[in-house]
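Enquirer: Task: produce atomic coordinates for the following.
(one chain, ligands or ions: 2)
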Amino acid sequence: LPVIRAQSNPDYIPDSKFYKVEAILRPWRVQQVSSALLKMGIRGVTVSDVRGFGSQGGSTERHGGSEFSEDKFVAKVKMEIVVSKDQVEAVLDKIIEEARTGEIGDGKIFLVPVSDVIRVRTGERGEEAERMTGGWSDISAP
Ligand code: ATP
Ligand code: GLN
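Expert: Numbers count the residues shown, from 1 in each chain. Ligands and ions are numbered 1, 2, ... in the order given. Model (predicted):
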């Protein structure tokens, strides 16, 4: 499978110090994605089981009428990863690299600006709260 990259557009709008990368992926690719992210120094990830439809759900079966029927929803996993702005593109590229099969249903990624991060244990906010001990920043600037 050829390597493809997220088409780089670093001028995110609105501008933010942190972004949430919200990826809706095939459940059986999630382990592969999360171990690759862990290797990069990503330490904070939230995962949920979700159900949805996109081209995959819509194209597999045609039901009469326009009402949504429960059986059109396909099981997916939502991965949410909050990172600093300078880490976004690498995370996007890694998710694409590990999750992509090239077939319909590979999923979609949403990029969401995040106003603040608060660590409950310490009350830290912003950069201090977003940084993870032993994470990407520690690895890249020891
Ligand atoms: P502490 O140092 O107090 O343990 P922490 O920053 O390691 O704080 P946790 O309390 O371990 O945070 O995090 C709780 C949950 O928050 C995690 O299980 C994960 O689901 C989610 N989480 C933490 N950081 C992130 C992040 N950067 N992106 C997405 N989810 C995160
Ligand atoms: N940006 C954090 C760091 O460099 C890592 C964020 C994350 O693991 N989601 O420590």
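Enquirer: Only the buried residues of stretch 5-14, if you could.
Expert: Using 16 or more other Cβ atoms under 10 Å as the test for burial, stretch 5-14 gives Ala6. Using the backbone N, CA and C atoms, a C-beta is placed for each residue, glycine as well.
Enquirer: Start and end of it, how far apart?
Expert: Length of stretch 5-14, first residue to last, Cα to Cα, to the nearest Å: 22 Å.
Enquirer: mind listing what Val112 touches?
Expert: Tyr19, Lys20, Glu22 (Cβ atoms under 8 Å, 6 or more residues apart in numbering).
Enquirer: mind running it again at 6 Å?
Expert: Lys20, Glu22 (Cβ atoms under 6 Å, 6 or more residues apart in numbering).
Enquirer: do the same with Ser55
Expert: By Cβ under 6 Å, 6+ apart, the residues touching Ser55 are Ile104.
Enquirer: got a list of what Lys108 touches?
Expert: Here Lys108 is in contact with Ile24 (Cβ under 6 Å, 6+ apart).
Enquirer: Just to be sure, it is in a strand?
Expert: Yes: per DSSP: H, G, I helix; E, B strand; the rest coil, Lys108 lies within a strand segment.
Enquirer: Roughly how far does it sit from ligand 2?
Expert: Separation of Lys108 from ligand 2 (Cβ to the nearest ligand atom, to the nearest Å) stands at 20 Å.
Enquirer: now swap in Leu25 and tell me
Expert: For Leu25 relative to ligand 2 (Cβ to the nearest ligand atom), the value is 16 Å.
Enquirer: And Pro113, by the same measure?
Expert: 15 Å.
Enquirer: secondary structure element for that residue?
Expert: strand 107-114 (DSSP states H and E).
Enquirer: And for Ile96?
Expert: Here Ile96 is assigned to helix 88-99, by DSSP H and E.
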